[in-house]
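A.B. asks: take this sequence and fold it.
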Amino acid sequence: MKRYINYYTTSLILAALLVSGCKKGFFDNAPKDLQTIEMVFQNKLEAEHWLSGVYNRLPDVWADGNVTGRGLAELSDELELASPSIIAAGSMSSQSGINAYTGYYQAIRLANIFMANINNSKSNLLKEPNGEELIRQYTGEARFLRANYYWMLIRLYGPVVLVGDRVAGVDDDFQKPRNTWSECIEYILSEMEAAKALVPEKHVVPSSGEDDLSQTGRITKLIIEAVQSQVLLYDASPLFNGNSNFAEFRNPDGRQLMNLTADPAKWAKAAQAAKTAIDHAEASGRKLYEASDNDPFQKAVKSLRGLFLTGWQDEGIWIRTNTGYSVWEEDAAPRAANGTKTNARLSVPQEMVDKYRMNNGLNIDETGSGYEETGYTNTAKTGFYVSGTSKMYINREPRFYVNITFNGSTIPFVPRSGQTRVEFWPTGNSGNANGSQTMFPKTGYLVRKNTNVSRNLQSNAGNVVRPAMYIRLAELYLNYAEALNESDPGNADILKYLNAVRLRAGIPGITAGPDQAAIRAIIQRERCIELAYEGHRFYDIRRWKITDKPEGRQEGDFHGMNVFAGENLGDDVYYERTRTSTRIWYDRYNLLPLPQSEVQKNSQMVQTIGY
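C.D. replies: Residues are numbered from 1 along each chain as shown. From the prediction side, this is the model:
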């Protein structure tokens, strides 16, 4: 499967592929003499190439600026952009929306064409010794991917049109109404289940039976179970399960599209799906990645940093081998880092910074947390911050230091000559130079997560080639804890799996005692911190319906440090909380509008409610 591997899959020895970036439309490279679909599927190599094109539409969590990890972070409270996003500015509409709709339906069409033609009797695939087995496997992969693209569509746009297996022709009737949410969920889950019967338990080298690392990222039964866990968790959540705000979301014939009556049993189904995926993952050797160190704090930091560099081999469930992490690192780099590609674009709002706990596991506003907003430490913490750093950054949980770059922190990459700390005040080494510099964070914070302290941005020395994780074991643990807390509060597994994530992160576990609501709040904050910038926060705040609550607020003033003031590390004026943006929120933003052109083409298609 040479061409397929050349795009999507890789082993550790294919390092160059991992850093090459995502190339859309890979199938455009097909030989010029392939004139028809039938001719394509007579050729084993080109049929496999087509399948890689179905995979190719999957977004990159660290590089895609549209609607995945990075793009979604820019559309929520995870990032503060130089200019407000269309959601924050209150300007999103059907004419100026976010169009993932067209691309995902293109991927669905590619999958349908593949499944309709892969069993071509003239295909030289059938001449392979395991030809029928390969066709079965490829069909399963395409069938799952098709269902997954539908899943990606409905969590953005609400229920959509299910086109089934038919490859539509020019004379087909394209005037189709949206299917209901329940129909979409049932179809997605049933298609994934059917695909699970076709794909392998794992991909192995035929001659040895050993794991074939060159096939990393291709669909397996475990990947499908993990995604089913996501689907059922969302379906049980308040936004989609008994939400009266969708009462007027109807097709032209009056058919109700969303569930207006909550079904509590959905939480139990979500919990069971998560546990099934967890058990399968652990039986397959997956585990929370943990580094070694005798000091608990250092162990947590090394674990959290290493998770994205090498730890994905332990914890990753679904891997994308080709990822643009290099651009992510450049955008996370302050100018104190060595090199010219120090773009400092990934600015974090104060509201996100304040969500990180103290090292004792308490929120900064909880009694006994030890948090101090004023004053400066006279002790450096080697590898983290220098003497003179504001006390608001002292004794925070390990994920704070792994995920956030702040004034006085150590430089997240190989530093420029003579630089030992990050300085975000105007004349500091990474400041705005009194208005003449544009590459600085407007809030006084940069994302540090998924960066490599050994990388030299000038020469690329020390670079660690690595993939992205669509799903990892910690997410499954949190899926299970959340669903179980809603379906069976008090179940011992809630704290078992929640605490596994907390303890790996270097903070104390929760002891028995908090009620269901308190545990719910803890789980929601845990997801916010643990899964930050991995494509979850945008969806979580919506499905929980907390966009108007303090813990998930998306409207009003957002803040940072006063980056246009101050003359040194210990200048109080710099640390004054300063408004950096005022955001607008409408409830209709819980779902995205369809591109207006799509609605105009289809008289039976209703626009997303509120647009």
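A.B. asks: give me the element the nearest residue to residue 109 once chain neighbours are set aside is part of.
C.D. replies: Spatial nearest neighbour of residue 109, excluding adjacent residues (CB to CB, 6 or more residues apart in numbering): residue 167 at 7.1 Å. Yep, even glycine has a C-beta here, placed from its N, CA and C like the rest. Assigned by DSSP states H and E, residue 167 falls within no helix or strand.
A.B. asks: tell me where the stretch 451-600 of the chain has strands.
C.D. replies: 468-472, 556-560, 578-583 (DSSP state E, counting those that start in this stretch).
A.B. asks: which stretch among these is buried most, on average?
C.D. replies: strand 468-472 (a mean of 25; mean count of other CB atoms under 10 Å).
A.B. asks: who are the packing partners of it?
C.D. replies: helix 221-236, helix 312-315, strand 316-320 (3 or more CB pairs under 8 Å, 6 or more residues apart in numbering; DSSP states H and E).
A.B. asks: want to throw these into JSON lines with mean neighbour count and mean pLDDT?
C.D. replies: Listed next are the helices and strands packed on strand 468-472 as JSON lines, based on neighbours: other CB atoms under 10 Å; pLDDT from 0 to 100:
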{"stretch": "helix 221-236", "mean neighbour count": "24", "mean pLDDT": "98"}
{"stretch": "helix 312-315", "mean neighbour count": "18", "mean pLDDT": "97"}
{"stretch": "strand 316-320", "mean neighbour count": "23", "mean pLDDT": "96"}
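A.B. asks: out of those, which comes closest to residue 589?
C.D. replies: helix 221-236 (16.8 Å; CB to CB).
A.B. asks: and the next helix-or-strand element following the closest one, what's buried?
C.D. replies: Using DSSP H and E, the next helix or strand after helix 221-236 towards the C-terminus is helix 265-283. Of all the residues in helix 265-283, those buried under the rule 16 or more other CB atoms under 10 Å are 266-278, 280-281.
A.B. asks: over to stretch 434-450?
C.D. replies: Buried residues in stretch 434-450 (16+ other CB under 10 Å): 439-450.
A.B. asks: distance between the ends of it?
C.D. replies: End-to-end distance for stretch 434-450, by CA to CA, to the nearest Å: 30 Å.
A.B. asks: start at 29, not 1
C.D. replies: Happy to do that; since the first residue is 29 now, the last one works out to stretch 462-478.
A.B. asks: centre of the chain to that stretch, how far?
C.D. replies: From the chain centre to the centre of stretch 462-478 is a distance of 22 Å (CA atoms, centre = their mean, to the nearest Å).
A.B. asks: tell me the centre residue of the protein?
C.D. replies: Centroid-nearest residue in the chain, with CA atoms, centre = their mean: residue 563, separated by 2.4 Å.
A.B. asks: residues contacting that one?
C.D. replies: 89, 96-97, 100-101 (CB atoms under 8 Å, 6 or more residues apart in numbering).
A.B. asks: could I get these as CSV with distance to residue 571 and secondary structure?
C.D. replies: Formatted as CSV, the contacts of residue 563 follow (distance: CB to CB, whole Å; DSSP: H, G, I helix; E, B strand; the rest coil):
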residue, distance to residue 571, secondary structure
89, 19, coil
96, 17, coil
97, 17, helix
100, 13, helix
101, 17, helix
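A.B. asks: could the strands of the stretch 479-628 of the chain go into JSON lines alongside mean pLDDT?
C.D. replies: Output for the strands of the stretch 479-628 of the chain, formatted as JSON lines (pLDDT from 0 to 100):
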{"stretch": "strand 496-500", "mean pLDDT": "97"}
{"stretch": "strand 584-588", "mean pLDDT": "98"}
{"stretch": "strand 606-611", "mean pLDDT": "97"}
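A.B. asks: now do the contacts for residue 275.
C.D. replies: Counted by CB under 8 Å, 6+ apart, residue 275 has contacts 284, 288.
A.B. asks: any regions of this protein where pLDDT drops low?
C.D. replies: Low-confidence segments of the chain (pLDDT under 70): 29-63, 96, 198.
A.B. asks: cutoff 50 now
C.D. replies: By pLDDT under 50, the low-scoring segments of the chain are 29-62.
A.B. asks: tally of neighbours for residue 184?
C.D. replies: Counted with other CB atoms under 10 Å, the neighbours of residue 184 add up to 21.
A.B. asks: what residues are up against it?
C.D. replies: 95, 126, 128-129, 619-620.
A.B. asks: pretty sure residue 189 contacts residue 208?
C.D. replies: No - assessed by CB atoms under 8 Å, residue 189 is found out of contact with residue 208, at 11.2 Å.
A.B. asks: which one is residue 415 nearest to, not counting chain neighbours?
C.D. replies: Counting by CB to CB, 6+ apart, the residue nearest residue 415 is residue 408, at 4.3 Å.
A.B. asks: and that neighbour, how far from residue 286?
C.D. replies: 55 Å (CB to CB, to the nearest Å).
A.B. asks: ok, now residue 361?
C.D. replies: 43 Å.
A.B. asks: who has more neighbours, the two?
C.D. replies: Counted by other CB under 10 Å, residue 361 and residue 286 do not tie: residue 361 has more neighbours, with 28 against 23.
A.B. asks: next, count neighbours for the nearest residue to that one once chain neighbours are set aside.
C.D. replies: Of all residues not flanking residue 361 in the chain, residue 370 sits nearest, at 4.1 Å (CB to CB, 6+ apart). Using other CB under 10 Å, residue 370 is surrounded by 23 other residues.
A.B. asks: residue 614 is in contact with residue 118, isn't it?
C.D. replies: Yes - judged on CB under 8 Å, residue 614 makes contact with residue 118 at a distance of 6.8 Å.
A.B. asks: tell me where the stretch 279-428 of the chain has helices.
C.D. replies: Taking DSSP state H, counting those that start in this stretch as the test, the helices found in the stretch 279-428 of the chain are 293-311, 324-334, 340-343, 353-359, 378-381, 426-431.
A.B. asks: which residue, other than its chain neighbours, is closest to residue 490?
C.D. replies: Using CB to CB, 6+ apart, the nearest residue to residue 490 is residue 482, at 3.6 Å.
A.B. asks: where is the longest helix in the chain?
C.D. replies: Identified as the longest helix of the chain according to DSSP state H is helix 159-185.
A.B. asks: so what does the helix or strand just after that helix touch, helix or strand wise?
C.D. replies: Counting by DSSP H and E, the next helix or strand C-terminal to helix 159-185 is helix 209-224. On a contact count with 3+ CB pairs under 8 Å, 6+ apart, helix 209-224 meets helix 159-185, helix 249-264.
A.B. asks: now the ones you listed as JSON lines including distance to residue 201?
C.D. replies: Converted to JSON lines, the helices and strands packed on helix 209-224 look like this (distance: least, CB to CB, whole Å):
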{"stretch": "helix 159-185", "distance to residue 201": "20"}
{"stretch": "helix 249-264", "distance to residue 201": "29"}
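A.B. asks: wait, which of the ones you listed is closest to residue 423?
C.D. replies: helix 249-264 (33.5 Å).
A.B. asks: show me what the closest one is packed up against.
C.D. replies: Short answer (3+ CB pairs under 8 Å, 6+ apart): helix 249-264 packs on helix 159-185, helix 209-224, helix 293-311, strand 344-348, strand 496-500, helix 501-515.
A.B. asks: can you tell me what sits against that helix?
C.D. replies: Under CB under 8 Å, 6+ apart, the answer for helix 249-264 is 172, 176, 179, 183, 213, 216-217, 220-221, 223-224, 227-229, 268-269, 291, 294-295, 297-298, 301-302, 304-305, 308-309, 312, 345-346, 499, 504, 507-508, 510-511, 514, 567, 571.
A.B. asks: for it, output the C-alpha coordinates as PDB.
C.D. replies: Output in PDB follows, covering the C-alpha atoms of helix 249-264 (Å, rounded to 0.1, in the frame of the first residue of the first chain):
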ATOM      1  CA  LYS A 249     -12.000  -1.700  16.100                       C
ATOM      2  CA  LEU A 250     -10.600   0.300  19.100                       C
ATOM      3  CA  ILE A 251     -10.700   3.600  17.200                       C
ATOM      4  CA  ILE A 252     -14.300   3.000  16.300                       C
ATOM      5  CA  GLU A 253     -15.300   2.200  19.800                       C
ATOM      6  CA  ALA A 254     -13.500   5.400  21.000                       C
ATOM      7  CA  VAL A 255     -15.400   7.600  18.600                       C
ATOM      8  CA  GLN A 256     -18.700   5.800  19.500                       C
ATOM      9  CA  SER A 257     -18.000   6.900  23.000                       C
ATOM     10  CA  GLN A 258     -17.800  10.500  21.900                       C
ATOM     11  CA  VAL A 259     -21.000  10.300  19.900                       C
ATOM     12  CA  LEU A 260     -23.000   8.800  22.800                       C
ATOM     13  CA  LEU A 261     -21.600  11.300  25.300                       C
ATOM     14  CA  TYR A 262     -22.700  14.300  23.100                       C
ATOM     15  CA  ASP A 263     -26.100  12.700  22.400                       C
ATOM     16  CA  ALA A 264     -26.700  12.500  26.200                       C
END
